[in-house]
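K.L.:
build me a model:
(chains A and B)
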Amino acid sequence: MITREPEYFPPPGNFIGRLGRGIVFSSRGLGRALLLLVDTLACMRFVFATRTRKEIVYQMFVSGIKSLGVITIVAMFTGMILALQTGIELRKFNQEVNIGAAVMVSMLREMGPFMTALILAASVGSAYAAQMGTMVVSEEIAALEIMSINPVRFLVLPRMVSLMVMTPLLTFYSCVMGVLGGGMVGITQLSVPWHAYIRNALDFAAAKDLYVGLLKAFIFGVIIAIVACHQGFSTTQGAVGVGNATRRTVIVCFLTILVAGYMITRLFYINALD
Amino acid sequence: MIELQNVSKVLSGRTILDKVNLQIHDGETCVIVGPSGVGKSVTVKHMIRLLTPDSGKVIVNGDPISELSGVELEAAREHFGVLFQGGALIEWLSVRENVALPLREKTSMGESDIIELAMQKLTLVGMADHSTKRPSELSGGMRKRVGLARAMVRNPSILIYDEPTSGLDPVSARTIDDLILSMQAELGVTSVVVTHDLHSALSIGDRIAMITGGRFVETAAPRQFVESENESVQAFLASQFITRKGDWENWRR
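P.N.:
Numbering: from 1, shown residues only, chains lettered A, B, ... in the order given. Predicted coordinates for the structure are as follows:
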């Protein structure tokens, strides 16, 4: 059951009590989020049902197509900044042609998935949390449960699947935009010919960079959907609670994406240190 | 039949229900009244298992709903149709889609049958002309009527109305009362109505149960309820300008 009974805890007496309660609540929140993930994965068998498919397509439009504008601008400027910063340093050694490699590898490995996930967490994740929170407050989730309609299948599944698909696609798009942005700076500010920039970028990028980046994006998509829906479902105090759920979603998503990003990088690139 | 047996519930450190007992018989309309915050909604939330009692049992049509989970709970909830306070309509679906939702999700009916049945229920509550509107385009009373159509679309044997007239102007409130009465007459379902509006309670109830201080202090037919000697009942009646000497028949519709 998503609908939870109201809980009451007397205020903690001192700092130790507050700290202890914070740890207990955080652990409980993590456990509930993981259970929501398990529930959603268990509902995957419904993913090709007609109504679910329609909702997934709609959510893909909302989370993907509507985010294209902001992702285009952020990715291009990220590529431009990367090219400019590395180009300024490399010019000291007459190696500015290597900005292609720097931009391409940075975008594929880290900046592409990371920037895309942060944008989606702030825009789509917060919207999911606000929507779920409002539905809890206005008893829509309770109504679904009374009608024996599983809110996880009805609400969480389409959102998670749409982000599982759209985050990698948008990440790939943001990498392309970032490389284009870097190329623009290379041509206009660093006098690097376009063909030299692109050849350098392609020579240094490995297929592993691409698939690890896309894997990261896929996992980030799952994290955003589950954190947002979990925070929304945990809303308790009307409009204030919806605001808190939205704020917590952005914070928790950012932190989780950072930690998960590091863990995946470590897993796939640890041998490069040897 | 719905039966609450010694149900107790503490919420936010406060005892809301204290060993409450209540029986609601098949086909009757039982109205639960009382001042705000005394546990009226908490009582019905136990009946539909949105809350679980700290102690005691809730039995619905022979099933101990307070002890069920999973598929058994889903099956027990099939008996219920619930009209929530604000209607609880899904905002991104149209009125017709909202009413059709339980049929789409829980039955194997064909699309044309689903639409036909949804429109039939909307006609019953006088909302057929607004079937393509979104809930945000509806007034409070209209939302409740759509909520009622959705609650009864799968022909439940028990209808729960949580504050059906709250926040409505007197004319809309009486329209909802009339609707509850006509549903009762046409469908013969068991109805449980939660309200603090005594005018509404007296006009629609077969039996009125007043809760205060965590317990039911009076459970009686409308006439006996108005004539009750209980001080809490009399104070509550007086607060809404209803006296024992008043002609209670005026309240019946």
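
K.L.:
near residue 73, how many other residues are there?
P.N.:
If you meant another chain, say so; for now it's chain A. 13 (other Cβ atoms under 10 Å in any protein chain shown). Yep, even glycine has a C-beta here, placed from its N, CA and C like the rest.

K.L.:
my bad, chain B
P.N.:
With other Cβ under 10 Å as criterion, B:Leu73 counts 18.

K.L.:
just B:Val71 next, same as before
P.N.:
When neighbours are counted by other Cβ under 10 Å, B:Val71 registers 9.

K.L.:
in what helix or strand does it lie?
P.N.:
Here B:Val71, judged by DSSP states H and E, is contained in helix B:70-77.

K.L.:
just the CA trace of the helix ranked longest in chain B, in PDB.
P.N.:
Counting residues, the longest helix found in chain B (DSSP state H) is helix B:170-187. Output of helix B:170-187 as PDB, limited to C-alpha atoms (Å, rounded to 0.1, in the frame of the first residue of the first chain):
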ATOM      1  CA  PRO B 170     -26.800  25.000   0.500                       C
ATOM      2  CA  VAL B 171     -28.400  24.400  -2.900                       C
ATOM      3  CA  SER B 172     -25.600  22.200  -4.100                       C
ATOM      4  CA  ALA B 173     -25.500  20.400  -0.700                       C
ATOM      5  CA  ARG B 174     -29.200  19.500  -1.000                       C
ATOM      6  CA  THR B 175     -28.600  18.300  -4.600                       C
ATOM      7  CA  ILE B 176     -26.000  15.900  -3.300                       C
ATOM      8  CA  ASP B 177     -28.400  14.800  -0.600                       C
ATOM      9  CA  ASP B 178     -31.100  14.100  -3.200                       C
ATOM     10  CA  LEU B 179     -28.500  12.200  -5.200                       C
ATOM     11  CA  ILE B 180     -27.600  10.000  -2.200                       C
ATOM     12  CA  LEU B 181     -31.300   9.300  -1.600                       C
ATOM     13  CA  SER B 182     -31.900   8.400  -5.200                       C
ATOM     14  CA  MET B 183     -28.800   6.200  -5.400                       C
ATOM     15  CA  GLN B 184     -30.100   4.400  -2.300                       C
ATOM     16  CA  ALA B 185     -33.600   4.000  -3.800                       C
ATOM     17  CA  GLU B 186     -32.300   2.800  -7.200                       C
ATOM     18  CA  LEU B 187     -29.400   0.700  -6.200                       C
END
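
K.L.:
for the closest residue in space to B:Glu163 that isn't next to it in sequence, report the pLDDT, please.
P.N.:
Excluding the flanking residues, the one nearest B:Glu163 by Cβ to Cβ, 6 or more residues apart in numbering or on different chains is B:Gln85, at 4.7 Å. Confidence at B:Gln85, expressed as pLDDT, is 87.

K.L.:
helices and strands around the helix holding B:Val71, which ones?
P.N.:
Here helix B:70-77 touches strand B:63-64, going by 3 or more Cβ pairs under 8 Å, 6 or more residues apart in numbering or on different chains; DSSP states H and E.

K.L.:
so which residues make contact with the strand it packs on?
P.N.:
Contacts with strand B:63-64, where a contact means Cβ atoms under 8 Å, 6 or more residues apart in numbering or on different chains, come from B:57-58, B:72, B:75-76.

K.L.:
most neighbours, which of those?
P.N.:
Top of those by neighbour count (other Cβ under 10 Å): B:Val58, with 25 neighbours.

K.L.:
who does that one bridge with?
P.N.:
Per DSSP bridges, the residues bridged to B:Val58 are B:Leu4.

K.L.:
and chain B, which residues reach chain A?
P.N.:
Neighbours of chain A within chain B, by Cβ under 8 Å from any Cβ of the partner chain: B:11-13, B:48, B:50-52, B:74, B:77-78, B:80, B:82, B:84-86, B:88-91, B:101-102, B:104-106, B:150.

K.L.:
can I get the buried part of these as one ChimeraX selection?
P.N.:
The following ChimeraX line selects those of the residues of chain B next to chain A that are buried, judged by 16 or more other Cβ atoms under 10 Å in any protein chain shown:
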select /B:11,48,50,51,52,74,77,80,82,84,85,86,88,89,90,101,102,150
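
K.L.:
can you tell me which of the residues of chain B next to chain A are in helices?
P.N.:
B:74, B:77, B:101-102, B:104-106, B:150.

K.L.:
neighbours of residue 66, how many?
P.N.:
Reading this off chain A. A:Lys66: 12 surrounding residues under other Cβ under 10 Å.

K.L.:
my bad, the chain I had in mind was chain B
P.N.:
22.

K.L.:
surely it is in a helix?
P.N.:
Yes: residue state for B:Ser66 (DSSP: H, G, I helix; E, B strand; the rest coil) corresponds to a helix.

K.L.:
what residues does it make contact with?
P.N.:
With Cβ under 8 Å, 6+ apart, B:Ser66 has these contacts: B:7, B:46, B:49, B:52-53, B:56-59.

K.L.:
and of these, the nearest to chain A?
P.N.:
B:Thr52 (7.0 Å; Cβ to the nearest Cβ).

K.L.:
name the nearest residue to the closest one, ignoring sequence neighbours.
P.N.:
B:Ser66 (5.9 Å).

K.L.:
now the one you found: how far from B:Ser108?
P.N.:
Plainly put, B:Ser66 is 30 Å away from B:Ser108 if you go by Cβ to Cβ, to the nearest Å.

K.L.:
ditto for B:Val42
P.N.:
Taking Cβ to Cβ, one finds B:Val42 at 36 Å from B:Ser108.

K.L.:
next: A:Gln237.
P.N.:
Distance from A:Gln237 to B:Ser108, by Cβ to Cβ: 40 Å.

K.L.:
these two - which one has more neighbours?
P.N.:
Neighbours per residue, other Cβ under 10 Å: of A:Gln237 and B:Ser108, the larger number sits with A:Gln237, 13 against 5.

K.L.:
tell me the pLDDT of the residue lying closest to that one once chain neighbours are set aside.
P.N.:
Of all residues not flanking A:Gln237 in the chain, A:Asn244 sits nearest, at 7.5 Å (Cβ to Cβ, 6+ apart). The per-residue pLDDT reported for A:Asn244 equals 93.

K.L.:
so A:Asn244 sits in a helix?
P.N.:
Yes: judged by three-state DSSP, A:Asn244 forms part of a helix.

K.L.:
which parts of the stretch 151-274 of chain A are helices?
P.N.:
A:151, A:157-189, A:194-204, A:207-233, A:238-269 (DSSP state H, counting those that start in this stretch).

K.L.:
make a markdown table from those and add mean neighbour count to it.
P.N.:
Output for the helices of the stretch 151-274 of chain A, formatted as a markdown table (neighbours: other Cβ atoms under 10 Å in any protein chain shown):
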| stretch | mean neighbour count |
| --- | --- |
| helix A:151 | 23 |
| helix A:157-189 | 23 |
| helix A:194-204 | 16 |
| helix A:207-233 | 23 |
| helix A:238-269 | 17 |
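
K.L.:
so which strand or helix has the spatially most central residue of chain A?
P.N.:
Nearest to the geometric centre of chain A sits A:Ala117, at 2.9 Å (Cα atoms, centre = their mean). Per DSSP H and E: A:Ala117 is located in helix A:112-120.

K.L.:
burial of residue 116, as a residue count?
P.N.:
I went with chain A, as the question did not name one. Look at A:Thr116: counted by other Cβ under 10 Å, it has 29 neighbours.

K.L.:
chain B is the one I meant
P.N.:
Counted with other Cβ under 10 Å, B:Glu116 comes out at 12.

K.L.:
helix or strand for it, which one?
P.N.:
Assigned by DSSP H and E, B:Glu116 falls within helix B:111-124.
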